[in-house]
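In: Structure for the following, please:
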Amino acid sequence: MDGVSFTAGKGVTMLMGPNGSGKTTTLSIVAGALAPTKGRVLVCDYEVWGSGWEKARECIGFAPQNMPFRERLTLLENLIWYGLIRGIGFRESKRRALELLETVGLREHYKKKVAQISGGMRRRLTIAAALIGDPEVLILDEPTSGLDPSARRVLWNLIRDIARDKTVIASTHIAEDAEENADKVLIFHKGKIVASGEPELLIRQYAPEAVIVVEGALKGSFEIEGAKLLKSSQKELRYSTRDPDHVLPLIIEKLLSQGSKIEKVEVRKPGLAEVYLELTGVELSEV
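Out: Residues are numbered from 1 along each chain as shown. Sure, this is the predicted structure:
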């Protein structure tokens, strides 16, 4: 890690980068699970690694990638167990556990043993366990890793609901997840934050131009102001532009005036995956 510094408020702050880029180390330091070699970590105005560590940790709920559960205990029993670990009494732990199982959509499964549930259900149970102490800050390390796209969407919807009232700091190696669900993104590469900001602003600032692809029986290519011609054939035209909403109608109008028959139009807008490539020179999926 090298000079990592950031602030996070209510909403979802996402650490985006490949495995080995420093995300898990950073989250572990913020959560109080791994001591930093230097620097300060403030949570709820208390130092995680200073004199106020007890108060700081009361504010934090940490969900690592592999939350340890007792496989032979039920979902409810596991959450009660986590409540007792946090110093909450048995009755309050049970009340809170049932409430959280409802929140994460597992209330009807409360009697099932952890060994019997799916990966997606286990991820939701992990979030419930991290919330048992009603923390102000929820830290999630790769909360949707290993899940299919449908299960990821369900879990991110849950996380966004939680983030309405809490500070959520999560990590992901999936650019689409960060782009769709984060209020703020920190892009990690080789132990450093190479860029940070709102997803839309990062895309505007760093991503390459959008690409417009037109397919059909085309009668010729032409220059369009504000666009660059990338490919020209009788079957396909490609243009790059920073303003596809303005340029696309001009292309369509010109093609139709020439008597071209358009079969397909696609606008390939850049996202955070392209931002990562632009900033680091490597594709996120290849690292």
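In: The closest residue in space to Glu180 that isn't next to it in sequence: neighbouring residues, count only.
Out: If the residues on either side of it in the chain are set aside, Glu180 comes closest to Trp156, at 7.2 Å by Cβ to Cβ, 6 or more residues apart in numbering. Where C-beta positions appear, they are placed from N, C-alpha and C, glycine not excepted. Using other Cβ atoms under 10 Å, Trp156 has 20 neighbouring residues.
In: For Trp156, what is the enclosing helix or strand?
Out: Counting by DSSP states H and E, the element that carries Trp156 is helix 149-162.
In: Okay, angle between whichever helix or strand comes after that helix and helix 149-162 too, please.
Out: Next in sequence after helix 149-162, counting helices and strands by DSSP H and E, comes strand 167-172. Here strand 167-172 points in a direction 160 degrees away from that of helix 149-162 (axes from the mean of the first three to the mean of the last three Cα atoms, to 10 degrees).
In: Strand 167-172 packs against which elements?
Out: strand 11-16, helix 23-31, strand 137-140, helix 149-162 (3 or more Cβ pairs under 8 Å, 6 or more residues apart in numbering; DSSP states H and E).
In: now the last one: mean pLDDT?
Out: For helix 149-162, the mean per-residue pLDDT is 93.
In: just the first one next, same as before
Out: For strand 11-16, the mean pLDDT works out to 98.
In: Over to the second one?
Out: With pLDDT averaged residue by residue, helix 23-31 scores 95.
In: Now do whatever helix or strand comes next after that helix: which elements does it pack against?
Out: Next helix or strand after helix 23-31 toward the C-terminus (DSSP H and E): strand 42-43. Under the contact criterion of 3+ Cβ pairs under 8 Å, 6+ apart, strand 42-43 touches no helix or strand at all.
In: hmm, back to that, from memory the residue nearest to Glu180 sits against Ala182, does it?
Out: No - contact criterion Cβ atoms under 8 Å: Trp156 and Ala182 do not qualify, at 9.7 Å.
In: Tell me the secondary structure at Ala195.
Out: Ala195 falls in the strand class when you classify it by DSSP: H, G, I helix; E, B strand; the rest coil.
In: List the beta-bridge partners for it.
Out: The bridge-partner assignment for Ala195, based on DSSP bridges, gives Ile187.
In: give me every residue that touches it.
Out: When contacts are counted by Cβ atoms under 8 Å, 6 or more residues apart in numbering, Ala195 touches 187, 202, 205-206, 275, 279.
In: If you rank these by neighbours, which is first?
Out: The most neighbours of any of the contacts of Ala195, using other Cβ under 10 Å, belong to Val275, which has 27 neighbours.
In: so how far is Tyr276 from the closest residue to that one other than its chain neighbours?
Out: Leaving aside its sequence neighbours, Val275 sits nearest to Tyr206 (Cβ to Cβ, 6+ apart; 4.5 Å). The gap separating Tyr206 from Tyr276 is 9 Å, by Cβ to Cβ, to the nearest Å.
In: likewise Arg160?
Out: 22 Å.
In: Show me the residue sitting in the middle of this structure in space.
Out: Ala178 (3.4 Å; Cα atoms, centre = their mean).
In: Would you mind confirming that that one makes contact with Val185?
Out: Yes - in this structure, Ala178 sits in contact with Val185. The criterion is Cβ under 8 Å, and the distance is 5.1 Å.
In: Now do the shared contacts for these two.
Out: Where contact means Cβ under 8 Å, 6+ apart, the residues bridging Ala178 and Val185 through contact with each are 14, 16, 199, 272.
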